[in-house]
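Q: I need the structure of the sequence given here:
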Amino acid sequence: MNIGNAVKERILELCAERNITINKLSTISGVTQSTVNNIISGRNNSTTIATIKKLCDGLEISITEFFTSKVFENLEQEVK
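A: Residues are numbered from 1 along each chain as shown. Take a look at the predicted model:
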């Protein structure tokens with residue numbers, strides 16, 4: 001799995017845990033709906049840490065909590 005897919009999977013996981021939609025996440029985090037939709041659809045595979053931080057703020061978790069997930073354990077090598 002690459003980092004873009006891992007971020008997408010983690011966002012979906014966190015939304016499911018909290019029973020919120022992607023649109024609700026966009027609203028509570030202050031990240032535009034189009035940005036969140038692009039992450040989820042795979043059109044944006046290089047989400048910035050600043051955007052992830054905003055999403056974390058909306059979810060009321062830390063960046064550390066975001067990246068503490070099995071989806072980040074076996075990422076593909078990005079430099080080939």
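Q: where in the chain is pLDDT low?
A: By pLDDT under 70, the low-scoring segments of the chain are 80.
Q: Scan it for its longest helix.
A: Among the elements of type helix in the chain, defined by DSSP state H, the one spanning the most residues is helix 3-18.
Q: Pull the residues that contact it.
A: Counting by Cβ atoms under 8 Å, 6 or more residues apart in numbering, helix 3-18 makes contact with 1, 21-22, 24-25, 36, 39-40, 42, 44-47, 52, 55, 59, 61, 66-67, 69, 71-72, 75, 78, all of which sit outside it. Glycine gets a C-beta too; all of them are placed from N, C-alpha and C.
Q: Just the CA trace of it, in CSV.
A: Coordinates of each C-alpha in helix 3-18 appear next as CSV, following Å, rounded to 0.1, in the frame of the first residue of the first chain:
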residue,chain,number,x,y,z
ILE,A,3,1.0,6.5,1.6
GLY,A,4,-2.0,8.0,-0.3
ASN,A,5,-4.0,4.8,0.1
ALA,A,6,-3.0,4.5,3.7
VAL,A,7,-4.2,8.1,4.5
LYS,A,8,-7.4,7.4,2.7
GLU,A,9,-8.0,4.2,4.6
ARG,A,10,-7.2,5.8,7.9
ILE,A,11,-9.6,8.7,7.3
LEU,A,12,-12.4,6.2,6.4
GLU,A,13,-11.6,4.1,9.4
LEU,A,14,-11.8,7.1,11.8
CYS,A,15,-15.1,8.4,10.2
ALA,A,16,-16.6,4.9,10.6
GLU,A,17,-15.5,4.7,14.2
ARG,A,18,-17.2,8.0,14.9
